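[1] Please find the sequence and the predicted model below.
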Amino acid sequence: QQRTAISIRGDYEGEESGEVLEAIRGMMAGIELPPGYDWSFGGRVEQVQDEQGEMGINILLAVLCVYFVMAALFESFVHPLVIMLCIPFAALGVVWTLMLTDTPMNLMAMIGIVILIGIVVNNGIVLLDHIHGLRKRGRDRSRAILEGCADRFRPILMTAATTILGLLPLAVGRASVGDGYYYPMARSIMGGLAASTLLTLIVLPTFYVLSERASAQIRRTISWGLGRGALPWRDSAAVKVQAPSSSRDWR
């Protein structure tokens, strides 16, 4: 901004970027600058903060896109919601994995969360679609859930295990692009996928039954409400309308 400035650059590793920025703010607050002098973070820090804000919007858009695609495929608005409930449990897996491995929640980890949104729903889609197929063949709901979970248990574990093992070298290595390492992204995907896989086989059938019961209750309530609203019309006196016999009678 047309002012003389001195740039000071430092690298950090193993700490949250927010903690580093707060430490710098505290240090600079204790320095008394001469009149007319001030300090500010460089453009790189501001760029990273803007990118993190944009990643939050990208996560929301990813959730909406996944929901609309599943709603079109299942031809239902309720069943995709049941599958989407697996995403919060995957987020718990991400948080616990990053905490246990002392991994920072940076831009790479947020990219892993965006990728994870499209991965964790795969197990739910496979399981729920198989349950629907069994119900179309004549099984009742409870029997279809038990058979569907038993049939899809091994394929779900195999697909999750191959993905997690494939990301293992990236999670323990130090591959990087520019100043960013890839391991936070790999660890977030691995933790979220492991947690969602284990919880999908337990939580998804539970939410499926609850959603079916809630939908049935809502339909009964709507039917009852429509029936109650039609009673006054049924009891009201009929009105008979006759056409005029001539134009003179009409006038």
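    Arrived safely.

[2] switch to C-alpha atoms for all contacts and neighbour counts from now on
    OK.

[3] Just the CA atoms of the one helix or strand residue 23 maps to, as CSV, please.
    Residue 23 is part of helix 17-29, with elements assigned from DSSP states H and E. Output for helix 17-29, consisting of C-alpha atoms alone and laid out as CSV, is shown next (Å, rounded to 0.1, in the frame of the first residue of the first chain):
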residue,chain,number,x,y,z
SER,A,17,-2.1,-22.8,12.4
GLY,A,18,-4.7,-21.0,14.6
GLU,A,19,-2.5,-21.5,17.7
VAL,A,20,0.6,-20.2,15.8
LEU,A,21,-1.3,-17.0,14.7
GLU,A,22,-2.6,-16.4,18.3
ALA,A,23,1.0,-16.8,19.6
ILE,A,24,2.2,-14.2,17.1
ARG,A,25,-0.6,-11.8,18.0
GLY,A,26,0.3,-12.1,21.7
MET,A,27,4.0,-11.5,21.0
MET,A,28,3.3,-8.5,18.7
ALA,A,29,0.9,-7.0,21.3
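
[4] Mind listing residues that contact it?
    Contacts of helix 17-29 with the rest of the structure, by C-alpha atoms under 8 Å, 6 or more residues apart in numbering, involve 104, 106.

[5] which is the next helix or strand following it?
    Assigned by DSSP H and E, the successor of helix 17-29 is helix 43-74.

[6] In that following helix, which residues have enough neighbours to count as buried?
    Buried residues in helix 43-74, counting neighbours by 16 or more other C-alpha atoms under 10 Å, are found at 52, 55, 59, 62, 67, 70-71, 74.

[7] got these as CSV, with pLDDT columns?
    Listed next are these as CSV, based on pLDDT from 0 to 100:
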residue, pLDDT
52, 68
55, 77
59, 83
62, 86
67, 89
70, 86
71, 87
74, 81
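
[8] Tell me the one of the residues you listed nearest residue 119?
    Distances from residue 119 to the buried residues of helix 43-74, taken as C-alpha to C-alpha, are shortest for residue 62 (11.3 Å).

[9] and the closest one, what does it touch?
    Contacts of residue 62 (C-alpha under 8 Å, 6+ apart): 114, 117-118.

[10] any idea how far it lies from residue 156?
    Relative to residue 156, residue 62 is positioned 22 Å away (C-alpha to C-alpha, to the nearest Å).

[11] Thought residue 186 was touching residue 103, still the case?
    No. Taking C-alpha atoms under 8 Å as the contact criterion, residue 103 and residue 186 are not neighbours in contact, 10.7 Å apart.

[12] Which one of these two is surrounded by more residues?
    residue 186 (24 against 19; other C-alpha atoms under 10 Å).

[13] Could you say which helix or strand holds that one?
    Element membership for residue 186 (DSSP H and E) is helix 183-235.

[14] Return the distance of that helix from the chain's centre.
    The offset between the C-alpha centroid of helix 183-235 and the centroid of the whole chain comes to 16 Å, using C-alpha atoms, centre = their mean, to the nearest Å.

[15] So which elements touch that helix?
    Contacting helix 183-235 under the criterion 3 or more C-alpha pairs under 8 Å, 6 or more residues apart in numbering; DSSP states H and E are the following elements: helix 79-84, helix 86-100, helix 107-136, helix 141-172.

[16] can you list contacts of the first one?
    Translated: helix 79-84. Under the contact criterion C-alpha under 8 Å, 6+ apart, helix 79-84 has outside partners 67, 70-71, 74, 121, 124-125, 204, 207-208, 211.

[17] where are the low-confidence patches of the chain?
    Low-confidence segments of the chain, defined by pLDDT under 70, are located at 13-17, 49, 52, 175-180, 228-251.

[18] again, only using 50
    By pLDDT under 50, the weakly predicted segments of the chain are 230-239, 241, 247, 249-251.

[19] Not counting residues beside it along the chain, what's closest to residue 48?
    Leaving aside its sequence neighbours, residue 48 sits nearest to residue 107 (C-alpha to C-alpha, 6 or more residues apart in numbering; 7.8 Å).
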